[in-house]
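# structure for this input, please:
(chains A, B, C and D)
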Protein chains: 2
Amino acid sequence: MQKATNLNRLAYFVAVVDAGSFTRAADYLGITKAVVSQQVARLEQEVGTTLLMRTTRRLQPTEAGRMFHARCVSILREAEDALGELAQGRTEPKGLLRITAPYDYGTSVIVPLVTTFTSRYKDCRVELNLSDRMVDLVADNMDLAIRVGWLADSNLQARRIGSFRQLLVGSPEFVGNVPALNEPADCSSLPFVANNALREPLEWTFTHRDGDVRSVRFKADIAINTTPAVMEAVRQGAGLSVLPDFLTTAGLLAGDLIPVLPEWQLPSGGVYTVYPAARFRPPKVSVFVDMLIAALKALSLTREIR
Amino acid sequence: MQKATNLNRLAYFVAVVDAGSFTRAADYLGITKAVVSQQVARLEQEVGTTLLMRTTRRLQPTEAGRMFHARCVSILREAEDALGELAQGRTEPKGLLRITAPYDYGTSVIVPLVTTFTSRYKDCRVELNLSDRMVDLVADNMDLAIRVGWLADSNLQARRIGSFRQLLVGSPEFVGNVPALNEPADCSSLPFVANNALREPLEWTFTHRDGDVRSVRFKADIAINTTPAVMEAVRQGAGLSVLPDFLTTAGLLAGDLIPVLPEWQLPSGGVYTVYPAARFRPPKVSVFVDMLIAALKALSLTREIR
DNA sequence: CGGATTGTCAGCTTTTAGCATACATTCTGT
DNA sequence: ACAGAATGTATGCTAAAAGCTGACAATCCG
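Numbers count the residues shown, from 1 in each chain, chains lettered A, B, ... in the order given. Model prediction:
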């Protein structure tokens, strides 16, 4: 079987015809005229057809050469367009961005961000898949996964971009009807709503501003397996619970929830982005992650001011 | 300036996407999978975009990769079409064939041949330029020149494909009214029509069948600068003249002209084809030259039978 | 008529293509 | 559950190709 024609030679041939001489084509291409001469000669050898009629110091395309030149111009233009489109896609966010995130985090943090993202970048669309299971990025054709919690650093494509705090909260009515709460031990006997979405929902370690560390084990009469429902029960005065700040912000602002022992900190968790392994990051992904980082920073500042 | 993208890599990339794996693409292309892997990796490097999302043992194109793949398929198909068109032009005579020939030879020999050629090859057209001057093949964009006479063998692209004879002829009336003509000297005092299209129209060397060589210098009362007009004067009884067989055949057959001293031969000349220097001969040229050679052979046989 | 220009050729150096081999990771059959 | 098979990548090697320089032959122009 005949060896494939080297398509790079088309560009040399087109340059010669366009320039009207090997010498001018070489100048235009930035190589020596000997190379241009050789490349076109090899092209003629490969296609078994004379494309240029030459005499010393003069040349012109044959009839076959003129036909082929027209075809080559079209081919090279199409290649240039395709490469240009790739280059443009490297710099401008566009196309469909597929994101997976946990239910709760996705609903409260990612949804508002997605709205902002698509209104800012008109060429982008977003498909947000909320799932608490470990999504396979490549198999499920995802561009980006938001992971919340505690990840081992073994996955090179995972990147910690922010954090969330956890708070002990109760409703105003509930907290108003119990004795003063000054330290974690004061709370251990109070009604507690356990969040069974967590691996260990009852035992919590508090750290005071001055460094004092206390662990408390709550007793729960109520245990629920989804975090929003836990929050709703707390709002209804069913008891205290530990909830992430990305869920409680609205309730705290509205006065439906009250932080308990705010001087005592609970462990915070990380917010991670995970990408499929790839050599280059499409700008739609980079831009979205930048926006997420900025949003998380703004959230941190809001918390610190209060 | 960025180095140009190697267009040969497009074929590797398309093969991988089409095949669904590097391994199958390698099998299809007849090379090792390591090469396919490297070629696509280099393509991604050159375009600065991830085209394929890979995990171990699995891959799929990115969004940019899918777009680019569609473009590449189109480009490669167009290239294949263009190369196919060249290949077809290599085997089938088609297009415009531009021929230059001397006035006389062209009119009597080439015109009938051109008619046969274009009726046999429907895709061909012919442009016949009759000129007695030395035509520059490349400058005047000719595919083929027919040269008649005596060429030095220095031009490598000239090819002798046949010959013509020269005959001493007169009209029947003229020859009937003169004493018997047995040898060249008998003719030297007779009226002679000089052909000024020739370099030396008056001095001729005759060679007998038995090897005897005689030279004669004619005296001409009439000198004309075009061969057909010379022949017409001879036909009208103005005298004898030396004319090429490709002009006299019809007159001889019709009885308008009579050969004089047929046992004494005059110098013959060659029929040559001249091509512009080229690596490959388009089939339209090759086929036409083949037909010309065949026609000249047929002419030779006709002369020998008589 | 001589110098300038053009295209080609030959020899050389650098770069690339393609190979074989080894390795890490996943998948499948037993 | 495990071992072998399959896949894609990396590395080092060899051969081929790309590009350079210099020289040459043929034409053109001042």
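# any weak-confidence spans in the stretch 101-250 of chain A?
For the stretch 101-250 of chain A, the stretches with pLDDT under 70 are A:151-157.
# the same query, at a cut-off of 50, please.
A:154-155 (pLDDT under 50).
# ranges for the helices of it?
In the stretch 101-250 of chain A, the segments counted as helices under DSSP state H, counting those that start in this stretch are A:103-105, A:111-120, A:172-176, A:227-235, A:245-254.
# closest one to residue A:188 among the ones you listed?
Nearest of the helices of the stretch 101-250 of chain A to residue A:188, taken as CB to CB: helix A:172-176 at 15.4 Å. In this view, the C-beta of every residue, glycine as well, is placed from N, C-alpha and C.
# domain ranges for chain A?
According to automatic domain parsing, chain A comprises the domains A:8-91, A:95-164+A:269-305, A:166-265.
# do you know how far the one residue in the stretch 201-306 of chain A that gets nearest to DNA strand C is from residue B:9?
Closest contact between the stretch 201-306 of chain A and DNA strand C, by CB to the nearest atom of the strand, is at residue A:277 (9.8 Å). Counting by CB to CB, to the nearest Å, the gap from residue A:277 to residue B:9 is 21 Å.
# please identify which of the two sits among more neighbours.
residue B:9 (21 against 14; other CB atoms under 10 Å in any protein chain shown).
# and that one, what is it in contact with?
By CB atoms under 8 Å, 6 or more residues apart in numbering or on different chains, the contact set of residue B:9 is B:39, B:40, B:42, B:43, B:46.
# out of those residues, list just those in strands.
Among these, none falls in strands (DSSP state E).
# any idea which of those is closest to residue A:231?
residue B:40 (49.4 Å).
# for the residue lying closest to residue A:239 once chain neighbours are set aside, give me its contacts.
Leaving aside its sequence neighbours, residue A:239 sits nearest to residue A:191 (CB to CB, 6 or more residues apart in numbering or on different chains; 3.2 Å). Contact criterion CB under 8 Å, 6+ apart gives A:174, A:221, A:222, A:238, A:239, A:240 as the residues in contact with residue A:191.
# go with 7 Å
A:221, A:238, A:239 (CB atoms under 7 Å, 6 or more residues apart in numbering or on different chains).
# give me the distance between the residue nearest to the first one when sequence neighbours are not counted and residue A:234.
In other words, residue A:221. Once flanking residues are discounted, residue A:221 sits nearest to residue A:191: 6.1 Å by CB to CB, 6+ apart. For residue A:191, the distance to residue A:234 (CB to CB) stands at 10 Å.
# again with residue A:279
Residue A:279 is 47 Å from residue A:234, by CB to CB.
# hang on, the earlier thing: secondary structure class for the residue of the stretch 201-306 of chain A closest to DNA strand C?
Following DSSP: H, G, I helix; E, B strand; the rest coil, we place residue A:277 in the coil state.
# for whatever residue of the stretch 101-250 of chain A ends up closest to DNA strand D, give its distance to residue A:130.
Residue of the stretch 101-250 of chain A nearest DNA strand D, by CB to the nearest atom of the strand: residue A:138 (11.6 Å). Residue A:138 sits 19 Å away from residue A:130, going by CB to CB.
# again with residue A:82
Residue A:82 is 36 Å from residue A:130, by CB to CB.
# surely residue A:7 meets residue B:7?
Yes. Using CB atoms under 7 Å, residue A:7 is in contact with residue B:7, at 4.0 Å.
# give me every residue in chain A lying close to chain B.
With the criterion set to CB under 7 Å from any CB of the partner chain, chain A comes near chain B through A:5-8, A:44, A:47-50, A:53-55, A:58, A:60, A:63-64, A:67-68, A:71-72, A:74-75, A:78-79, A:82-83, A:85-86, A:89-90, A:95-96, A:138, A:276-280, A:282.
# tally up the residues packed near the nearest residue to residue A:225 once chain neighbours are set aside, please.
Excluding the flanking residues, the one nearest residue A:225 by CB to CB, 6+ apart is residue A:196, at 4.2 Å. Residue crowding around residue A:196 was assessed by other CB under 10 Å; the count is 13.
# next, the buried residues of stretch A:190-202.
For stretch A:190-202, a neighbour-count test (16 or more other CB atoms under 10 Å in any protein chain shown) marks A:190, A:191, A:192, A:193, A:194, A:195, A:197, A:201 as buried.
# ok, back up a step: want to try CSV for the helices of the stretch 101-250 of chain A, with mean neighbour count and distance to residue A:216 as columns?
Shown next, in CSV, are the helices of the stretch 101-250 of chain A (neighbours: other CB atoms under 10 Å in any protein chain shown; distance: least, CB to CB, whole Å):
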stretch, mean neighbour count, distance to residue A:216
helix A:103-105, 19, 24
helix A:111-120, 14, 34
helix A:172-176, 15, 17
helix A:227-235, 20, 17
helix A:245-254, 16, 19
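# now the end-to-end length of stretch A:159-170.
33 Å (CA to CA, to the nearest Å).
# other residues contacting that stretch?
A:148, A:187, A:234, A:240-246, A:248, A:257-261, A:266-273, A:289, A:292-293, A:296.
# recalculate using a threshold of 6 Å.
For stretch A:159-170, the external contacting residues (CB atoms under 6 Å, 6 or more residues apart in numbering or on different chains) are A:240, A:242-246, A:248, A:257-261, A:266, A:268-273, A:293, A:296.
# for stretch A:274-288, same thing?
Residues from elsewhere that reach stretch A:274-288, judged by CB under 6 Å, 6+ apart: A:93, A:97, A:117, A:124, A:137-138, A:143-145, A:147, A:157-158, B:44, B:49-50, B:53.
# which other helices and strands does the longest helix along chain A contact?
Counting residues, the longest helix found in chain A (DSSP state H) is helix A:63-91. Counting by 3 or more CB pairs under 6 Å, 6 or more residues apart in numbering or on different chains; DSSP states H and E, the packing neighbours recorded for helix A:63-91 are helix A:8-19, helix B:63-91.
# ranking the ones you listed by burial, who's on top?
Among those, the stretch with the highest mean neighbour count (mean count of other CB atoms under 10 Å in any protein chain shown) is helix A:8-19, at a mean of 21.
# point out the residues in the stretch 1-150 of chain A that sit beside DNA strand C.
Proximity of the stretch 1-150 of chain A to DNA strand C, by CB under 7 Å from any atom of the strand, involves residues A:21-24, A:33-34, A:37-38, A:40-41, A:54, A:56-59.
# out of those residues, who's near DNA strand D?
A:34, A:38, A:56, A:57, A:58.
# so for those residues, which is the shakiest by pLDDT?
Lowest pLDDT among those: residue A:56, with 67.
# returning to that earlier point: turn the domains of chain A into a markdown table, columns for distance to residue B:168.
As requested, the domains of chain A are arranged in a markdown table below (distance: least, CB to CB, whole Å):
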| stretch | distance to residue B:168 |
| --- | --- |
| domain A:8-91 | 41 |
| domain A:95-164+A:269-305 | 88 |
| domain A:166-265 | 117 |
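# okay then, goodbye and thanks.
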